[in-house]
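S.K.: Below is the sequence, then the predicted model.
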Protein chains: 2
Amino acid sequence: MISKRLSELRKKRQWSLQYIADQLNIAKSTYAGYESGYRQPSLEAVKELAILFSTTTDYLLGVTDQEQPTIELTNAMFHMTVDGEQLTEDEVMQLVAFIRAKRELEKHKK
Amino acid sequence: MISKRLSELRKKRQWSLQYIADQLNIAKSTYAGYESGYRQPSLEAVKELAILFSTTTDYLLGVTDQEQPTIELTNAMFHMTVDGEQLTEDEVMQLVAFIRAKRELEKHKK
DNA sequence: TAAAATCGTTCGCGATTCGCGTACCTTCAT
DNA sequence: ATGAAGGTACGCGAATCGCGAACGATTTTA
C-alpha cells in the first residue's frame, strides 16, 4: 500500500528517486525499494516522507484514502482553531447552523 | 517516541499488554518490546494500533502531538463537510470571517 | 554525433532487527 | 501455599534492512 502511495505522490510532483533519497539522506536504491515494495521504510522514514509530501502518515499507510483529511463539522470529536485560537463547541455548532441556513437560502433562490 | 505514546494510551485505557497482543495477534513479549523501545512495530502493526486506540498514526509516530487532529480553518489546504456535503473555499472564508466578527464583538462587550 | 549525465530497476552482501518462546519477579486472589 | 495475571528482560533463528554496484534506456551536454 505504501509503495503505491509513494509512487503516486512522487510522480504527481515530478520528483526523481534521487531527489527524495537526498532529502531523507538515504541511498537511491533504498528509496526505490520502498516504491517497488521490495523494502519497507522505517518508521522514521515514513514520518519524514509524510512531511516531505505534505500529507499524513495515515494516508501513506492506507489508514485513510484521502491525501488531506476531510472533517465533518457536526462531528465534534476533533479540535479546530481560527487564528490559532481554539473554537468552542458552541462556536462549532453556530458554524454548522450558519452553513445550513445559507444552503437553505440558496436552495430557495433557484 | 512511539513507545512513549503506546505506553500512555494503553495506561489511560487500563488495558493489559496481553489484551493488545491478542487484538493484533502477536506475542505479549513482542508488544512489550514496542513499549519498552526494544523493538519497532511493523508498519502494519502501527496501522492496527492507531485504529485500536482510536487515534492517528501521525500521533503514534510523533508527527503531531495531538491525539485528535487540530485544524486551523484559515489554512485552506484541507477539506471539510457539513452534513456530508463538501464546503467550498468561499464558505470556509465566510466561516472564518464569522468567527472573527463574533470574537471582535465579544471583546467590546467586556 | 559522440560522450556524459540522469533516471529507474534489480541484485547480492553484511549487518541489523524482528517475533517468538521462555524465564523471572510482583501482586493479588484463592 | 498455590496459582493466575501483569510486566520485564533476553537468547535464538529467521527475516529484513540499507548500501553499493551494475545495467539499459533516455536525456543533456560538449
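M.R.: Received the coordinates, thanks. These numbers come from a predicted model, not from an experiment.
S.K.: Can you name the next helix or strand after the least confident helix or strand in chain A by mean pLDDT?
M.R.: Using mean pLDDT, DSSP states H and E, strand A:70-72 stands out as the lowest-scoring helix or strand of chain A, at a mean of 65. Counting by DSSP states H and E, the next helix or strand C-terminal to strand A:70-72 is strand A:79-82.
S.K.: what helices or strands is that following strand leaning on?
M.R.: strand B:70-72, helix B:89-109 (3 or more Cβ pairs under 8 Å, 6 or more residues apart in numbering or on different chains; DSSP states H and E). The way it works is simple: take the backbone N, C-alpha and C, and place the C-beta from them, glycine included.
S.K.: so how far is stretch A:26-33 from its chain's centroid?
M.R.: Centroid separation for stretch A:26-33 versus its chain: 23 Å, with Cα atoms, centre = their mean, to the nearest Å.
S.K.: quick one: that stretch near DNA strand C?
M.R.: Yes. Judged by Cβ under 7 Å from any atom of the strand, stretch A:26-33 and DNA strand C are in contact via A:28-29, A:32-33.
S.K.: in that stretch, what counts as buried?
M.R.: If you call a residue buried by 16 or more other Cβ atoms under 10 Å in any protein chain shown, then stretch A:26-33 has these buried ones: A:26, A:30-31, A:33.
S.K.: Name the nearest of these relative to chain B.
M.R.: Nearest to chain B among the buried residues of stretch A:26-33, counting by Cβ to the nearest Cβ, is A:Gly33 at 13.7 Å.
S.K.: Before we move on, what's the pLDDT of the closest one?
M.R.: Looking at A:Gly33, its pLDDT reads 97.
S.K.: nearest spatial neighbour of A:Arg39, skipping sequence neighbours?
M.R.: Spatially, and ignoring its direct neighbours in sequence, A:Arg39 is nearest to A:Gly33 (3.3 Å; Cβ to Cβ, 6 or more residues apart in numbering or on different chains).
S.K.: Confirm that the one you found sits in a helix.
M.R.: Yes. With DSSP: H, G, I helix; E, B strand; the rest coil as the criterion, A:Gly33 is part of a helix.
S.K.: Good, wrapping up.
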